[in-house]
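Q: Sequence below, structure please.
(chains A, B, C and D)
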Number of protein chains: 2
Amino acid sequence: MKIEILTKTENQKILNGIISKIRDLMNYKNLEPGDKLPSERMLSEKFDVSRSNLREAIQKLEFYGLLTSKPQSGTFVADIGQVAMNGMIEDILRLEEPDFKSLVETRISLELKTVRLAAQRRTKEDLLQMRMALDAYSEKVKNGEDAVQEDLLFHLAIAKASGNSTMNTFMLIITPQIITNFEKYHVCDKDLAYRGIGEHQDIYEAIKEQNPQLAKAKMKVHFKTLYQYCYNI
Amino acid sequence: MKIEILTKTENQKILNGIISKIRDLMNYKNLEPGDKLPSERMLSEKFDVSRSNLREAIQKLEFYGLLTSKPQSGTFVADIGQVAMNGMIEDILRLEEPDFKSLVETRISLELKTVRLAAQRRTKEDLLQMRMALDAYSEKVKNGEDAVQEDLLFHLAIAKASGNSTMNTFMLIITPQIITNFEKYHVCDKDLAYRGIGEHQDIYEAIKEQNPQLAKAKMKVHFKTLYQYCYNI
DNA sequence: TTTCTTAAATTGGTTAACCAGATTGGTTTG
DNA sequence: CAAACCAATCTGGTTAACCAATTTAAGAAA
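A: As a prediction, this is how the structure comes out:
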């Protein structure tokens, strides 16, 4: 068989095609939670795709919790009924690449929550890590150096201190994309960076004092100065 | 070479081991943004792991936006400096499986935002889809059937109407895990389901009227009844 | 007829061989 | 001397062969 190299978007298209075929099959066969899918080999032949592509598709559905595969046994429908299964797969297929505005919106929403949780739950170790990130940030800014990374680490330290592993994960997912965009558009100028020092300090103090409402307010201030230029992009 | 089948947790451990080795290498070699990593074959030999395992590790770092690999060319460090790179990898390695409480907290926080955005941005198609999900839910409840799926689809319709693809994705990620837990602990009794009809209706109306604050308030009410039993688990 | 045993077939996971495109270094050519 | 060219090599991606655990069902034993 001839080997073909695909770009990532082409590959994505094929994957989505396979996923929709899997959905159709599950509907046609009326597969219910716990039922076993046909084997990978059979499906790849039936759909006329390579087994590795089919595997990728299954793994994507596994990521969203819709299928689970057991070694040497089979791939099974998760505990999700047909209605929800169809709805979710449709959503997954329609998912588009996130735009910068979506990322920023989501970050603000998440951080206004993590900062409150951090104020409630922070341990001494959490405080120490935040302190270190904060100091590293100040140092860089005062030396006139770029401090986007240190800024980021301070915010990630807050996410960690929130004690919510889901939000922590989400912050990790969106953070690098935000950094990339920030650097691309040169969002951070020096004046902004200087103001950032005091704002970080305020947030840190509020968390230290375990004052969730104050922490949230200070985070809001921080975002306001951060993103006042953003929406012109 | 002898083939070994691993459980998913064992595999996860190996993956994390490889990731930390990649981090060490990047530090030792002072790799900067844009620099090329050694080839997969070299790394797999150097780390004494299979190439496929190494590939998985790289793909995980790609998922978090820390590396990008170009076909027939190489794997490159993303536009993230060494400090942030180290911090993020450390966070990724420490990530634990989300507990139910984290999921619920995150869902509430996300949905209180998506519902406001949906009220601002919903199109007529969005309304239609929400209406359909809502009717399907009522129907099921009135027939005394389980309606967890239809409930879910209503909430996903709101996420879609929010016009924020990032939040939409996040909702898709956490939703199946929440359903599974709900069904496991039998959170939803019939009384709750009946009240859900009216609450959904209220949320829908607020979104239709494009009243973000009211929509948020109604969503809060909905969550209150939904999760009043949850925290006993 | 029922239950236990066992061997063959099936399955998802893993490894190794292979492919096509990109890179690179040297050579040729203007 | 510089630019264009070309082939050998290297790279990530893809496929096919292989592995071991599981499942299945046929056969033996009760």
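Q: show me the contacts for the residue nearest the centre of chain A.
A: Against the mean C-alpha coordinate of chain A, by Cα atoms, centre = their mean, the closest residue is A:I173 at 3.1 Å. Going by Cβ atoms under 8 Å, 6 or more residues apart in numbering or on different chains, A:I173 touches B:63-65. (C-beta placed from N, C-alpha, C; glycine too.)
Q: now A:L117, nearest residue through space, not along the chain?
A: Taking Cβ to Cβ, 6 or more residues apart in numbering or on different chains, and ignoring the residues beside it in sequence, A:L117 has A:S162 as its nearest neighbour in space, at 3.8 Å.
Q: can you list the domains in chain A?
A: Following automatic domain parsing, one finds the domains of chain A at A:8-94, A:100-232.
Q: Output those domains in TSV; the columns should cover distance to B:R195 and mean pLDDT.
A: Output for the domains of chain A, formatted as TSV (distance: least, Cβ to Cβ, whole Å; pLDDT from 0 to 100):
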stretch	distance to B:R195	mean pLDDT
domain A:8-94	21	94
domain A:100-232	26	89
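Q: Let me know which of those is tucked in deepest.
A: By mean neighbour count, with neighbours taken as mean count of other Cβ atoms under 10 Å in any protein chain shown, domain A:100-232 ranks first of the domains of chain A at a mean of 19.
Q: Any idea how far that one is from the middle of the chain?
A: Taking Cα atoms, centre = their mean, to the nearest Å, one finds domain A:100-232 lying 16 Å from the centre of the chain it belongs to.
Q: Check stretch A:94-108 too.
A: Its chain's C-alpha centre lies 10 Å from the corresponding centre of stretch A:94-108 when counted by Cα atoms, centre = their mean.
Q: Identify all contacting residues around it.
A: Contacts made with stretch A:94-108 from outside it, assessed by Cβ under 8 Å, 6+ apart, are listed as A:170-171, A:174-175, A:177-178, A:181, A:223, A:227, A:230-231, A:233, B:113, B:117, B:160, B:164-170, B:172.
Q: same thing but at 7 Å, please
A: A:174, A:177-178, A:181, A:223, A:227, A:230, A:233, B:164-169 (Cβ atoms under 7 Å, 6 or more residues apart in numbering or on different chains).
Q: Turn the contacts of A:I173 into TSV, columns for secondary structure and distance to DNA strand C.
A: Rendered in TSV, the data for the contacts of A:I173 read as follows (DSSP: H, G, I helix; E, B strand; the rest coil; distance: Cβ to the nearest atom of the strand, whole Å):
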residue	secondary structure	distance to DNA strand C
B:F63	helix	17
B:Y64	coil	21
B:G65	coil	21
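Q: wait, which of these is closest to DNA strand D?
A: For DNA strand D, the nearest member of these is B:F63. The distance, counting by Cβ to the nearest atom of the strand, is 12.8 Å.
Q: Would you mind measuring from the closest one to A:I173?
A: Taking Cβ to Cβ, to the nearest Å as the criterion, B:F63 is separated from A:I173 by 8 Å.
Q: How about A:P176, nearest residue that isn't a chain neighbour?
A: With Cβ to Cβ, 6+ apart as the criterion, A:P176 has its nearest non-adjacent residue at 3.4 Å, and that residue is B:G65.
Q: OK, contacts around the one you found?
A: By Cβ under 7 Å, 6+ apart, the residues touching B:G65 are A:176-177, B:78.
Q: how about a markdown table for the residues you listed, with secondary structure and distance to DNA strand D added?
A: Written out in a markdown table, the entries for these read as follows (three-state DSSP; distance: Cβ to the nearest atom of the strand, whole Å):
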| residue | secondary structure | distance to DNA strand D |
| --- | --- | --- |
| A:P176 | helix | 18 |
| A:Q177 | helix | 19 |
| B:A78 | coil | 14 |
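Q: and of the residues you listed, the nearest to B:A217?
A: Closest approach to B:A217 among the contacts of B:G65 (Cβ to Cβ): A:Q177, at 32.1 Å.
Q: Can you name the residues that contact the closest one?
A: With contacts defined as Cβ under 7 Å, 6+ apart, A:Q177 is in contact with A:103, B:65.
Q: Please report the distance of it from B:T166.
A: On the measure of Cβ to Cβ, A:Q177 and B:T166 end up 9 Å apart.
Q: hmm, back to that, any chance of CSV for the domains of chain A, columns distance to B:L25?
A: Supplementary listing: the domains of chain A in CSV, determined by distance: least, Cβ to Cβ, whole Å:
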stretch, distance to B:L25
domain A:8-94, 25
domain A:100-232, 19
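Q: need the helices for chain A, in chain order.
A: Here chain A has its helices, by DSSP state H, at A:8-28, A:40-47, A:51-63, A:82-94, A:100-121, A:124-142, A:148-161, A:165-185, A:190-208, A:212-227.
Q: May I see those organised as CSV, with distance to B:E139 added?
A: Rendered in CSV, the data for the helices of chain A read as follows (distance: least, Cβ to Cβ, whole Å):
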stretch, distance to B:E139
helix A:8-28, 20
helix A:40-47, 34
helix A:51-63, 28
helix A:82-94, 11
helix A:100-121, 33
helix A:124-142, 48
helix A:148-161, 41
helix A:165-185, 32
helix A:190-208, 47
helix A:212-227, 41
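Q: between these, which gets nearest to B:K190?
A: Nearest to B:K190, of those and by Cβ to Cβ, is helix A:82-94 at 18.8 Å.
Q: hang on, the earlier thing: which of the contacts of A:I173 lies closest to chain A?
A: The shortest gap between chain A and any of those belongs to B:G65, at 3.4 Å (Cβ to the nearest Cβ).
Q: what about the closest one, distance to A:I179?
A: If you measure B:G65 against A:I179 using Cβ to Cβ, the figure is 8 Å.
Q: which other residues reach stretch A:117-130?
A: A:154, A:157-158, A:160-164, A:204, A:206-208, A:210-212, A:215.
Q: do that again at 6 Å, thanks
A: Stretch A:117-130 is contacted by residues A:157-158, A:161-164, A:204, A:207-208, A:210-212, A:215 when judged by Cβ atoms under 6 Å, 6 or more residues apart in numbering or on different chains.
Q: got the end-to-end distance for it?
A: Stretch A:117-130 has an end-to-end distance of 14 Å (criterion: Cα to Cα, to the nearest Å).
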